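K.L.:
fold the following.
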Amino acid sequence: MRVTTDLWVSALLRRVFGDGGFGAVMRRGAAEAGAVFVVTRNRLGETSLLGPAPQTAYDSGRPHERQFAAILSDVDGDAIEARLAKEMRFDSDVWVVELEPGSTPLAELLVLTTP
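P.N.:
So this is what the prediction gives:
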């Protein structure tokens, strides 16, 4: 059974804050099943956008686990805003979460895949 998006985002932020990082919900989507996009910013100011992985990337043994794929890497904020606007025209229920991971690497916070 998959947890609600609201609960999943809350747990992610709690883990980030617990490890000395920062996180914020920039846009709240559907509480039950909204898609989540993650904007990451590292200590050098480099910004990246992660989004839901394509359905073909999911493991049949763990079909309910949220997986993410890189959409944009090391770009400016305008490029990320433009991409998110495009996604919101397609699906208005998206969540946007911004993270500055602390001591825990991003790969341990999110399940990352390569499309």
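K.L.:
only C-alpha atoms from now on, for both contacts and neighbour counts.
P.N.:
OK.
K.L.:
sheet partners, orientation included, of the longest strand along the chain?
P.N.:
The strand spanning the most residues in the chain, taking DSSP state E as the definition, is strand 67-75. Strand 67-75 has its sheet partners listed here by DSSP bridges as strand 47-52 (antiparallel), strand 111-113 (parallel).
K.L.:
buried deepest among the ones you listed, which one?
P.N.:
Highest mean neighbour count of those: strand 47-52, a mean of 21 (counted as mean count of other C-alpha atoms under 10 Å).
K.L.:
now it - C-alpha only, PDB.
P.N.:
What follows is strand 47-52, C-alpha atoms only, in PDB (Å, rounded to 0.1, in the frame of the first residue of the first chain):
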ATOM      1  CA  THR A  47      20.300  23.700  -8.700                       C
ATOM      2  CA  SER A  48      18.700  20.600 -10.200                       C
ATOM      3  CA  LEU A  49      15.200  19.300 -10.800                       C
ATOM      4  CA  LEU A  50      14.100  15.700 -10.100                       C
ATOM      5  CA  GLY A  51      10.800  14.300 -11.100                       C
ATOM      6  CA  PRO A  52       8.800  11.100 -11.000                       C
END
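K.L.:
show me what the mean pLDDT comes to for that strand.
P.N.:
Summarised as a single mean, pLDDT over strand 47-52 is 93.
K.L.:
which residues does it contact?
P.N.:
With C-alpha atoms under 8 Å, 6 or more residues apart in numbering as the test, strand 47-52 has contacts from 35-41, 66-77, 80.
K.L.:
among those residues, which ones are buried?
P.N.:
Burial by neighbour count, judged by 16 or more other C-alpha atoms under 10 Å, picks out 35-41, 66-72, 80 from the contacts of strand 47-52.
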